[in-house]
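Peer 1: Provide a 3D model corresponding to the input given below.
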Amino acid sequence: MRYRRSSYRYAMVVRSGGDQPFGEGWPSDRLRLLLQGRWAPDSDTYETARTIEVVVDLAGMDEDDFEVHLFEDALLVEGHRRLPAPHEEAVYHAAAIRQGPFRVEIPLPAPVDSERVEARYDRGLLRITLPKAR
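Peer 2: I've put the predicted structure just below:
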């Protein structure tokens, strides 16, 4: 896991709801979702009196597969999940595990002390503790 601090604000990219990256002709929504260029892993964000806590589900990944970027007003976790290829003669009956490049953007509800940020990656969960600035 690589960690970077930036002393500027994060500009979030907002896409219009009607744009489909591969057009409208997909036979199912599930197939279209699996083939999108970038996806966002599940995450939880909660605030205590002294910290902002973030938990990101990165199951099946090594620490070298993702980066954490801290901006003044947002936390960005991005990387690439690569799953092992199935056996050559295998036929998929279901494919629901997302892979490929991902990005999760988390707006910060309060200013944080970037010098005291702690991150732990254990059993597929990235846990980031962001102490609030005093």
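
Peer 1: residue closest to the middle of this structure?
Peer 2: Computing the C-alpha centroid of the chain and ranking residues by Cα atoms, centre = their mean puts Val104 first, at 3.3 Å.

Peer 1: List the contacts of that one.
Peer 2: The contact partners of Val104, taken as Cβ atoms under 8 Å, 6 or more residues apart in numbering, are Ala40, Pro41, Ser43, Val56, Leu76, Val77, Glu78. No exception for glycine: its C-beta is placed from N, CA and C like everyone else's.

Peer 1: After the helix or strand containing it, which helix or strand is next? Please name it.
Peer 2: Using DSSP states H and E, Val104 sits in strand 100-107. Sequence-wise, the next helix or strand downstream of strand 100-107 (DSSP H and E) is strand 118-122.

Peer 1: what is the rounded mean pLDDT of that following strand?
Peer 2: For strand 118-122, the mean pLDDT works out to 96.

Peer 1: same question, stretch 126-134
Peer 2: Stretch 126-134 comes out at a mean pLDDT of 96.

Peer 1: Kindly report the same for stretch 60-67.
Peer 2: 94.

Peer 1: And stretch 70-83, by the same measure?
Peer 2: Mean pLDDT, stretch 70-83: 93.

Peer 1: Next, the buried residues of whichever strand or helix holds His69.
Peer 2: Using DSSP H and E, His69 falls within strand 66-70. Judged by neighbour count using 16 or more other Cβ atoms under 10 Å, the buried positions of strand 66-70 are Phe66, Val68, His69, Leu70.
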